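In: sequence below, structure please.
(one chain, ligands or ions: 2)
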Amino acid sequence: MFQAFTITSGKGGVGKTTLTVNLGISLALLNRETCILDADIGMANMALILGMDEVPVTLHEVLAGKADIEDAVYEGPAGVKVVPSGISLQGFQQADPDKLRDVMHKLVDQCEFLLIDAPSGISKEGVVPLSVADQVILVVNPELASMADALKTKILCEVMGGNVYGAILNRAGQEHTELRSQSVEDVLGVRVIDVVPEDASVRRAAAYKTPCVLKYPNTDASRAFRRIAAQMSGVEYKEETGDPGQEGFVDRLARAVFR
Ligand SMILES: Nc1ncnc2c1ncn2[C@@H]1O[C@H](COP(=O)(O)OP(=O)(O)OP(=O)(O)O)[C@@H](O)[C@H]1O
Ligand SMILES: [Mg+2]
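Out: Ligands and ions are numbered 1, 2, ... in the order given. Reported below is the predicted structural model:
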């Protein structure tokens, strides 16, 4: 089973951070020791999404050689471990992306799954995460610009010696003009792991600084996040049955929130 996944896209704003956070929490709810790492060191927003933007030590200090990675790991929702990046420009300037490989190796020793939220674009800090993880997940939206950038990222990943696990088609809707899974597979030459629908609950949850899978567990997007997490961890995906004898997702969620 693979441990470290980089979640990337090429194009910005397609849902990398949303997926990293919601998949990380879904894996934690499957009782997998999971760590999510914000490698978008220039435009970090995982901490903002999780309401953790005032933590004293972040990945910036670690990549600047000023702190150990252990000091930048925080407990997030449902027990997921979170390594946020800082939001200051000075912190970004001092961070050395080449140190990411070391950081990743140390984190992998401490968890079953490591999800790395990569920056968009093909800057150095965008490229390093492509080769450090065991597997790369390409996030695409159902439109051509997103596909073109994902294709470039896939090629770059292969050049860097990385492996592509598959693509996630995020924000899929009902528009007849938009691209479908089959086109994504044809163009990118990778399998579509799953499709996450365009779902207003994702944006609404972000406004509450609470990830969708926790705030709105019964929406289609949250179901998709849990389905993907189940696939990544090699377990069969089951929806809640309401069977009183079996601890289900809602029970685990309540346990995680109130512990
Ligand atoms: N399935 C979805 N349905 C509705 N809105 C979504 C969905 N996925 C993501 N979004 C919204 O799209 C916006 C961009 O998402 P996100 O920040 O995760 O993208 P990103 O790829 O990390 O962006 P960046 O490249 O800037 O880091 C956010 O407002 C998020 O709430
Ligand atoms: Mg992001």
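
In: got phi/psi on Phe5?
Out: phi -120, psi 130 (degrees, to the nearest 10).

In: where does Ile168 land in three-state SS?
Out: Classification of Ile168 by DSSP: H, G, I helix; E, B strand; the rest coil places it in strand.

In: count the neighbours of it for me.
Out: Other residues lying near Ile168 total 26 when counted by other CB atoms under 10 Å. C-beta coordinates here come from the backbone N, C-alpha and C atoms, glycine included.

In: just Gly13 next, same as before
Out: For Gly13, using other CB under 10 Å, the count is 12.

In: tell me the contacts of it?
Out: Ser120 (CB atoms under 8 Å, 6 or more residues apart in numbering).

In: try 10 Å this time
Out: With contact set as CB atoms under 10 Å, 6 or more residues apart in numbering, Gly13 has these partners: Ser120, Asn141, Ser146, Arg171.

In: what does the stretch 101-250 of the chain put close to ligand 1?
Out: Ser120, Asn170, Arg171, Val196, Glu198, Asp199, Val202, Arg203, Ala206, Ala221 (CB under 6 Å from any ligand atom).

In: quick one: which of the residues you listed sit in helices?
Out: If you go by DSSP state H, those have Val202, Arg203, Ala206, Ala221 in helices.

In: any idea which of the residues you listed is closest to Ser85?
Out: If you rank those by distance to Ser85 using CB to CB, Ala206 comes first, at 17.6 Å.

In: for that closest one, which non-adjacent residue is spatially closest?
Out: In space, and not counting its chain neighbours, Ala206 is closest to Ile49: 6.2 Å by CB to CB, 6 or more residues apart in numbering.

In: burial measure for the one you found, as a count.
Out: The burial count for Ile49: 22, using other CB under 10 Å.

In: same deal with Thr210?
Out: 18.

In: can you check Glu75 too?
Out: Counted with other CB under 10 Å, Glu75 comes out at 10.

In: gap between it and Ile49?
Out: Glu75 sits 16 Å away from Ile49, going by CB to CB, to the nearest Å.

In: which stretches of this structure form strands?
Out: Taking DSSP state E as the test, the strands found in the chain are 4-8, 34-38, 74-75, 81-83, 113-117, 135-140, 164-172, 192-197.
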